[in-house]
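Colleague: With the sequence up front, the predicted model follows.
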Amino acid sequence: MGDTAVERRAFARLPFSASVRYSVLGADADGTAQASDISRGGIRVMLVSNYGIGSRLRMAIAAPDGGEPIRVTGRVAWTQPITVCGLTTYDTGIEFLDLPDEDRERLVGLGVLLES
């Protein structure tokens with residue numbers, strides 16, 4: 001991911017640390033990931049598998065207020081392999097496809113997302 005991705009970004013990203021449970025739609029794959037940042041349009045997570053650009057994931061993002069998780073479907077927009085000590089993980093950008101307005105506003109109210 002280079003400068004061109006930053007230039008194309010429609011929403012500002014903010015640091016965000018949360019656990020994300022996910023399942024890959026149309027595949028027998030699921031797991032837990034760690035988020036590192038978030039925007040009104042998507043979330044960045046570290047995955048142990050590369051599901052490929054365009055893959056759709058159903059996610060339950062741990063809420064920073066300890067309330068109900070935020071449930072959303074997303075599409076893998078980009079992925080970048082990172083290898084450390086022979087172990088490869090995938091820094092992955094996921095575009096939100098159906099983040100409910102009430103969850104988006106909840107994240108804004110908690111200071112996790114910026115107002116539009």
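Modeller: Arrived safely. In this text the structure is predicted, and so the values were computed from the model without any measurement.
Colleague: Could you use CA atoms for every contact and neighbour count after this?
Modeller: Fine.
Colleague: which residues does the residue nearest the centre of the chain contact?
Modeller: Nearest to the geometric centre of the chain sits residue 43, at 2.7 Å (CA atoms, centre = their mean). Residue 43 makes contact with 35, 36, 37, 93, 94, 95, 96 under the criterion CA atoms under 8 Å, 6 or more residues apart in numbering.
Colleague: Can you list which of those residues are found in strands?
Modeller: The strands, defined by DSSP state E, take in 35, 36, 37, 93, 94, 95, 96 from the contacts of residue 43.
Colleague: least confident pick among these?
Modeller: Minimum pLDDT across these is recorded for residue 37, with 91.
Colleague: That residue pairs with what?
Modeller: residue 15, residue 44 (DSSP bridges).
Colleague: what's around it, how many residues?
Modeller: 18 (other CA atoms under 10 Å).
Colleague: Was I right to think it contacts residue 13?
Modeller: Yes: between residue 37 and residue 13 there is a contact under CA atoms under 8 Å: 6.2 Å.
Colleague: The longest strand anywhere in the chain - what's its average pLDDT?
Modeller: Ordering each strand of the chain by length in residues (DSSP E) puts strand 70-84 first. The pLDDT scores in strand 70-84 average 96.
Colleague: Could you list the buried residues of it?
Modeller: 70, 71, 72, 73, 74, 75, 76, 77, 78, 79 (16 or more other CA atoms under 10 Å).
Colleague: I'd like the residues you listed written out as TSV, with distance to residue 49 added.
Modeller: Listed next are these as TSV, based on distance: CA to CA, whole Å:
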residue	distance to residue 49
70	22
71	21
72	20
73	18
74	16
75	15
76	12
77	15
78	13
79	10
